[in-house]
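structure for this input, please:
(2 chains)
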Amino acid sequence: MQNEDISDGATARPPAWQASMEIPDDAGASDHGHDAILHYTSTRGQADGRPQRHIPDASAHGNHAMIRALGWLSIGLGLAQLVAPQGLARASGLRGVSSVWIRAIGLREMACGVALLRGETRPAWRWSRIAGDAMDLSLLGVAMASRRNARTRLAATAAVVAGVTAIDYIASAQLAPRKLSELPAPGEAGLALQKSVIVNRSADDCYRAWRDLENLPRFMPGLQSVQVIDARRSRWNSVEGVWIGELTQERPGQGMRWRAAENHTETGALELSPAPDGRGTVVTMQLHMQPPAGKVGTAVAGLFSQAPAYQIETTLRRFKQWMETGEVSTTEGQPSGKRSFKTRLLHKAGGTAPAPRPQANGGVS
Amino acid sequence: MKANCWHGKRDVRIEQVPDPAILNPGDAIIKVSSTAICGSDLHLYNGVVPSMEQGDILGHEFMGEVVETGSAVRKLKVGDRVVVPFPIACGRCFFCEQQLYSVCENSNPNAYMAEKMWGHSGAGIFGYSHLTGGYAGGQAEYVRVPFADVGPIKVPDELKDEQVLFLSDILPTGYMAAEACAITPGQVVAVWGCGPVGQFAIQSAFLLGAERVIAIDHYPERLRMARELSGAETLHFDAVDVPDALREMTGGRGPDACIDAVGMEAHGSGVSYIYDRLKQTMKLESDRPTALREALMACRNGGVVSVPGAYGGFSDKIPFGSIMNRSLTIKTGQTHVQRYMQPLLERIQRGELDPGAIISHHLTLDEAPHGYEIFQKKQEQCIKVVLHPGP
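Here you go, the predicted model:
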């Protein structure tokens, strides 16, 4: 993946906004921390300075080394089943299984291996491997019930097959289509999320409204207040706790970056660019998180990424509502008839987090 | 206050609920004088619209008097008598600027839900499921109206409620459906469904220059109304084969435009109807597009099929090959009501339209459950029910 990303040469160029007004960063975190989020690679160049996430082409997916290893493993295993079915059966603890069956399974195994090596990404192929693993496991289970078989060996075989199944599953997940808004920037680990919305106001209006950080609680879910400490730092009070936010870059009318001052692994960015034909401003928000446990941590965080994705989406939606209409649409606090227990539960757990209470006409002019 | 609340399939109840409050600066509170049960409320009543929750207040056709306004409301004053359009529109977004009010980008706080279902979200709608915002509806004594400067239209005192109430939904809906047909003089328009929207579509088609309108239904009182009040030729679909009859009546060519004023719970006959009914019951298909399929197949080559009927999700066996090979145009959409209110109000004032004539039942708000029942079962020759919350 990395190779292909670099090959288009665009990453070698400095991001368009490096020429802009940058706050000197004496904390020294610019090398990895917040800069890591935005690695714009655009095949059309960056003349307009618009953020453009690298869009992977058909060949850029997943962990190639692992998938190649899996492919060769499958071919080797299949070959062994084809050439020496009975020897393999004895080794795995099976007795009295027809060679024809084992050879058939071997053929399937080899076909899957070849498909993997050829870079076959169709879901049918991906899932056929897992279905095959499941079949093997259930065959082993059936064999286990018979006294004729060597159960200790069978159990060991089952453990190995279960391990292979797990690897297959991870490989499949890596091959699965990903949301563009959740792809990490090229060459970056961590969880990166990006969403855009078009706001029917000028980029300057959007910038001013956002740069006045005390406005943020109006549209950021869960944020209760922001107190500005100095030109760079501010104290954020949210339902999850209090932290100090730090602006690391600001470019009036174009965007800004920030990070959590005590936890440099979490950074955010706002990008503003004019929408085509003067139809408002494309507002792009990014969050980048570096989970503590590296790649595994990233995978785990990805599983639970609903929350940050919801945060960004809701923030942008409400920002747009507030900028365009001066209020944030809500149905919280309206009457209803008697709710069922299930409905009340759903209402609490569901995505309909309470919108902030209105403040007289929002202060946008 | 009293409100008509949804409690499940064919279960609506009048309940005591808290009064609505101003939640946003652009809100107004309306004291409801008249509110109607809409055909699309029956889809909620029958439990085929997803994301309804117990206790939801129903109703999206209503009018009344302004009793309270938020700090940002400029055009409306306490005491104004207004009709409120069913889609909630902010008036400031890209789509509102183009008068596409029913796809307003800002009025649906549950847009994320609608995006999952439809790809993109439309506007919020009063009393019409949580997909469209979960807004409390107007079948109540009071209702909160967001973006009060954008939607509600003031109506003159000399016009009675029943003359202007339907500006909130079904009159503009029938009108927009006919307008979408791009009728030129001499054309023939076929309308599936002679309910309230069908009646207004027929009348609007004539107003816009249609020479003949052929109306299709199987309730005798509706067909009679289509003939006598709206001036249509009629087809009873249990008695005649509709596609065959339409061919014969149009010299083999087919109607120039077809309007599906039925929607997702069409009645019909034959194998495809039974197929849809089964699939919808088993939740394998959300909509029952019997009328839509027939309209698509019957329309003349290069004609327009206009769909004001309400659909919720997914329809099977839509003859797309017919649409493509025969150059059909499909026009549809929740009505951009705000766009039509003023011109239609003027037509009413000039006496070109008499919307009140379709009302078959005036009931009190307390009688809403009965109103739903007779409207659903088409008992007592029910065509349109208007509820009066007042004393």
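
what ranges do the helices span in the stretch 101-250 of chain A?
For the stretch 101-250 of chain A, the helices defined by DSSP state H, counting those that start in this stretch cover A:123-144, A:151-175, A:203-211.

out of the ones you listed, nearest to B:Phe320?
helix A:123-144 (24.9 Å; CB to CB). C-beta: built from backbone N, CA, C; applies to glycine.

looking at the helices of the stretch 101-250 of chain A, which is nearest to chain B?
Closest to chain B of the helices of the stretch 101-250 of chain A, according to CB to the nearest CB: helix A:203-211, at 12.7 Å.

which residues are contacting stretch B:224-243?
Defining contact as CB atoms under 8 Å, 6 or more residues apart in numbering or on different chains, one finds that stretch B:224-243 is touched by B:191, B:194, B:198-199, B:202-203, B:206, B:212-218, B:220, B:223, B:245-246, B:249, B:268-269, B:294, B:297-298, B:357-358, B:383.

can you rerun that using 7 Å?
B:194, B:199, B:202-203, B:206, B:212-216, B:218, B:223, B:245, B:269, B:294, B:297-298, B:357-358, B:383 (CB atoms under 7 Å, 6 or more residues apart in numbering or on different chains).

list only buried entries from the residues you listed.
Applying 16 or more other CB atoms under 10 Å in any protein chain shown to the contacts of stretch B:224-243, the neighbour count classes B:194, B:199, B:202-203, B:206, B:212-216, B:218, B:223, B:245, B:294, B:297-298, B:358, B:383 as buried.

most tightly packed of the helices of the stretch 101-250 of chain A?
Burial of those is given as mean neighbour count (mean count of other CB atoms under 10 Å in any protein chain shown); helix A:203-211 ranks first at a mean of 18.

and the residue of chain A found nearest chain B, what does it touch?
The minimum distance from chain A to chain B, using CB to the nearest CB, falls at A:Gly337 (2.9 Å). Counting by CB under 7 Å, 6+ apart, A:Gly337 touches B:3, B:5, B:13, B:15, B:17, B:55, B:57.

repeat the analysis, applying 10 Å as the threshold.
B:3-7, B:12-17, B:53-58, B:136, B:140 (CB atoms under 10 Å, 6 or more residues apart in numbering or on different chains).

could you check how far A:Ala80 is from A:Arg103?
Relative to A:Arg103, A:Ala80 is positioned 11 Å away (CB to CB, to the nearest Å).

rewinding a little: now intersect the buried ones among the contacts of stretch B:224-243 with the strands, please.
When DSSP state E is applied, these are split such that B:212-216 fall in strands.

got TSV for those, with distance to B:Ser121 and pLDDT too?
Below are these laid out as TSV (distance: CB to CB, whole Å; pLDDT from 0 to 100):
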residue	distance to B:Ser121	pLDDT
B:Arg212	39	98
B:Val213	34	98
B:Ile214	36	98
B:Ala215	34	98
B:Ile216	33	98
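
would you mind giving these as TSV with distance to chain A added?
Formatted as TSV, those follow (distance: CB to the nearest CB, whole Å):
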residue	distance to chain A
B:Arg212	43
B:Val213	40
B:Ile214	42
B:Ala215	38
B:Ile216	37
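
would you turn those residues into JSON lines with distance to B:Leu42?
Formatted as JSON lines, these follow (distance: CB to CB, whole Å):
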{"residue": "B:Arg212", "distance to B:Leu42": "29"}
{"residue": "B:Val213", "distance to B:Leu42": "24"}
{"residue": "B:Ile214", "distance to B:Leu42": "24"}
{"residue": "B:Ala215", "distance to B:Leu42": "20"}
{"residue": "B:Ile216", "distance to B:Leu42": "19"}
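
what about the strands in chain A?
Shown for chain A, the strands assigned by DSSP E span residues A:191-199, A:223-228, A:233-238, A:241-251, A:255-260, A:263-274, A:281-289.

can the last one be said to contact chain B?
No. Strand A:281-289 stays out of contact with chain B when judged by CB under 10 Å from any CB of the partner chain, the minimum separation being 11.7 Å.
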